[in-house]
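In: What follows is a protein structure lacking sequence information:
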């Protein structure tokens, strides 16, 4: 368990990438892909639009932080029916 010098739980930076599941339509990506040739970018294909979510979680350890963020993804941050997500967790350096 990581705790700071005052005995509080450590902070963990979470980075979540949310994207459409394979086979799910991506209308925003399709619109961008159709528009790029008009701007001179004729060599671009397979455009996918997703979202990135960054947050800080206070937790006793990285595994607990990951579990909490994954629960957030299942309940709010992503639609598990049409979206998939990847979570990365890194320990924040203590301030001071």
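Out: Thanks, I have the structure now. Just so it is clear, the structure is predicted and the values come from calculations on it, not from any experiment.

In: any weak-confidence spans in this protein?
Out: 1-7, 95-96 (pLDDT under 70).

In: So which residue is dead centre in it?
Out: residue 16 (1.4 Å; Cα atoms, centre = their mean).

In: How about it, nearest residue that isn't a chain neighbour?
Out: Once flanking residues are discounted, residue 16 sits nearest to residue 53: 4.2 Å by Cβ to Cβ, 6 or more residues apart in numbering. To be clear about C-beta, it is placed using only N, CA and C from the backbone, and glycine gets the same treatment.

In: what about the helices in the chain?
Out: Using DSSP state H, the helices of the chain run over residues 27-35, 62-72.

In: Deepest-packed of these, please.
Out: With neighbours taken as mean count of other Cβ atoms under 10 Å, the helices of the chain reach their highest mean count in helix 62-72, at a mean of 17.

In: What are the contacting residues of that one?
Out: Helix 62-72 is touched from outside by 12, 14, 16, 55, 57, 59, 87, 89, 91, with contacts defined as Cβ atoms under 8 Å, 6 or more residues apart in numbering.

In: dump the residue contacts of the third one.
Out: If I follow you right, that is residue 16. Neighbours of residue 16 in contact, by Cβ under 8 Å, 6+ apart: 52-55, 69, 73, 77-78, 85-87.

In: Could you pick out the longest strand of the chain?
Out: Looking across the chain with DSSP state E, the single longest strand is strand 10-20.

In: quick one: buried residues of that one?
Out: For strand 10-20, a neighbour-count test (16 or more other Cβ atoms under 10 Å) marks 10-12, 14, 16, 18-20 as buried.
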